[in-house]
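Undergrad: Give me the fold of what follows.
(one chain, ligands or ions: 1)
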Amino acid sequence: MALPKIDPTTTKAWEKLSRHYQDTKNQHLRKLFTADKERGKLFVIHWNDFLVDYSKNRITQQTMSLLLELAEEVGLKNAIKAYFKGDEINQTERRAVLHTALRAKKSDEVHVDGKNIVPEVYEVREKIKVFSEGVISGDRRGYSNKKFTDVVNIGIGGSDLGPAMVVEALKFYKNHLRMHFVSNVDGDHVHEILKELNPETTLFVVVSKTFTTQETLSNAITIKKWFLENGSQEDIAKHFVAVSTNTQKIKDFGISADNVFPMWDWVGGRFSLWSAVGISISLSIGYDNYAELLSGANEMDVHFKETAFSKNIPIVLALVGIWYNNFYNAETEAIIPYTQYLNRFSAYLQQGIMESNGKSTDRSGNSINYETGTIIWGEPGTNSQHAFFQLIHQGTKLIPVDFIGFKESLHGDKDHHNKLLANFFAQTEALMNGKTKDEVKEELQEQEFTAKEIEALLPFKIFQGNKPTNTILISKLTPKSLGSLIALYEHKIFVQGIIWNIFSYDQWGVELGKQLAKSTLSDIEGSEIGNHDSSTLNLLHFFKN
Ligand code: F6P
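TA: Numbering: from 1, shown residues only. You can find the predicted model right below:
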């Protein structure tokens, strides 16, 4: 079943939402909370060990029911069915989108071209298990019979960001293996990492769905050369493994067939950490923890697939996001995890969200005249409070923020954790309430400022408040809860893409960059510079001379 092709702005719900926006745009959250003392309990979803509070948004029950009407009108229900069933919803690449099948239960059935793919997924999972357990236990060793101490993941984009983010996020659960990630084609990146490594005890995982990506191949070739300064051609089999759909190219590179972990066309790069692309996760935290990550994602899949829209976390958060993006014209969304472990989380989501929904052509091939993908950014709290929160509190831009926190700290330092969570709660409250003129006055009077001084300071110390936030509070950062959290955002991407009437699973914009980089490289390396605009010509001449 193809996805519906409905311009959301032509729906009845959109029209109603536009009117509703005009009627309510000046309402203040502080007033909404005063008017309804139970508001905090009204806009909240409890699910597993997650509490999702979306009450601090500029919404009323009517807003939510209109947004839900929009979801119905654009055919979200059938789209979800098509997504999970393996229909070719990535129409421009003629592919199904089935990262959800990678974390399906063994007893589930998902069909691609009439074949149930779940058994194949589990075969690869078994291979990952055996391989990672062999490396961790030391049964599988390097060419000089020494145990592995280091693992290098060579990949970029989805072949780097997901595994790197998760390995960092679950560092608490890790074993003795030191993990490294080489991604940038900048040679200084790879050479800095090689400085720390011993070829006899290092395992290299080359991850590239296509095995044609310039960055990954360049890094893999450089690393192979470095390795061959000590090891022999035969030793490569012990030290290099690959994850890819492109078996021929892997063979050409010199990696033996036994060391290949397959993946499939129906897994998009930015959603691939659940496949063998996540092998460095399994190496870092062990297969059982890796399986827990997948089962957490599967639980979120089931929640998304089976829960009524009004209580469905990815759907509700997607709709609230649409409200700001399309009616309030908010251009960005900040994602602020209150745990240092998630310090790569927003970088990871930047690819997931912006590569998926950064589109301006609708599913019928027409140019879009409404806003689509949001700009995603963020850093962990509390550091971000001392960096960019000023602009969120008192700047001119409206920036909806997701606050993500955990009830328990992993090292159990209560003193630190209470302080961290105090900031977590205080920030959303302050962003919502702001600080009124009277409150500022009273505060300054208490500090014994003179009336004249108070008058002068007042305008600077007032906070408008009314800044929207979602709070996602989870019991504990575990492989399972992280799996659910990532899957939540994946499904939010899907829902927004459906509503915006775009294809979320291709990335032609990135492909253009890849092509151009190739031809410009010939300009740099060749004797002649080809045809360019005057700016690029000047730059190339300056570089070459
Ligand atoms: O950045 C564009 C992209 O195509 C991503 O979608 C993908 O994750 C990345 O390049 C890496 O591609 P590959 O895994 O094929 O090397």
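Undergrad: The residue in the stretch 401-545 of the chain positioned nearest to the ligand: neighbouring residues, count only.
TA: Closest contact between the stretch 401-545 of the chain and the ligand, by C-beta to the nearest ligand atom, is at residue 510 (3.8 Å). Bear in mind the C-beta positions are built from the backbone N, C-alpha and C, glycine included. Residue 510: 13 surrounding residues under other C-beta atoms under 10 Å.
Undergrad: what's the answer for residue 506, then?
TA: By the criterion of other C-beta under 10 Å, residue 506 has 18 neighbours.
Undergrad: From residue 365, how far off is it?
TA: 13 Å (C-beta to C-beta, to the nearest Å).
Undergrad: Which pLDDT does the model give the spatially most central residue of the chain?
TA: When the chain is reduced to its mean C-alpha position, the nearest residue by C-alpha atoms, centre = their mean turns out to be residue 349, at 2.2 Å. Reading off the confidence values, residue 349 has pLDDT 98.
Undergrad: Now do whichever strand or helix holds it: which elements does it pack against?
TA: Per DSSP states H and E, residue 349 falls inside helix 345-349. Helices and strands touching helix 345-349, by 3 or more C-beta pairs under 8 Å, 6 or more residues apart in numbering; DSSP states H and E, are helix 161-169, strand 332-337, strand 375-377.
Undergrad: Kindly reformat those as TSV containing mean pLDDT, mean neighbour count and distance to the ligand.
TA: Conversion of the helices and strands packed on helix 345-349 to TSV gives the following (pLDDT from 0 to 100; neighbours: other C-beta atoms under 10 Å; distance: least, C-beta to the nearest ligand atom, whole Å):
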stretch	mean pLDDT	mean neighbour count	distance to the ligand
helix 161-169	98	24	8
strand 332-337	98	23	19
strand 375-377	98	18	15
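Undergrad: so which of the ones you listed gets nearest residue 98?
TA: Nearest to residue 98, of all the helices and strands packed on helix 345-349, is helix 161-169, at 15.9 Å by C-beta to C-beta.
Undergrad: relative to strand 332-337, how tilted is the closest one?
TA: With axes from the mean of the first three to the mean of the last three C-alpha atoms, to 10 degrees applied, the angle from helix 161-169 to strand 332-337 works out at 40 degrees.
Undergrad: Quick one: distance of the next helix-or-strand element following helix 161-169 to the chain centre.
TA: As assigned by DSSP H and E, the chain's next helix or strand after helix 161-169 is strand 178-182. On the basis of C-alpha atoms, centre = their mean, to the nearest Å, the separation between the geometric centre of strand 178-182 and that of its chain is 19 Å.
Undergrad: Strand 178-182 to helix 161-169, inter-axis angle?
TA: Orientation of strand 178-182 against helix 161-169 (the same axes, to 10 degrees) gives an angle of 150 degrees.
Undergrad: quick one: strands adjacent to strand 178-182?
TA: Sheet pairing here is set by DSSP bridges, and for strand 178-182 it gives strand 150-154 (parallel).
Undergrad: Residue 44: what's it in contact with?
TA: Each residue near residue 44 by C-beta atoms under 8 Å, 6 or more residues apart in numbering is listed here: 51, 52, 53, 54, 55.
Undergrad: Return the closest of those residues with respect to residue 531.
TA: Closest approach to residue 531 among those (C-beta to C-beta): residue 54, at 52.4 Å.
Undergrad: so who does that closest one touch?
TA: Shown in contact with residue 54 (C-beta under 8 Å, 6+ apart): 43, 44, 45, 316, 317, 320, 470, 471.
Undergrad: so which of those residues comes closest to the ligand?
TA: Lowest distance from the ligand to those (C-beta to the nearest ligand atom) belongs to residue 317, with 23.3 Å.
Undergrad: That closest one falls within a helix, correct?
TA: Yes. Checked against DSSP: H, G, I helix; E, B strand; the rest coil, residue 317 lies within a helix.
Undergrad: anything in the longest helix along the chain sitting right up against the ligand?
TA: When the chain is scanned for its longest helix (criterion: DSSP state H), the result is helix 479-500. No. Using C-beta under 6 Å from any ligand atom, we find that helix 479-500 stays clear of the ligand, coming within 13.3 Å at best.
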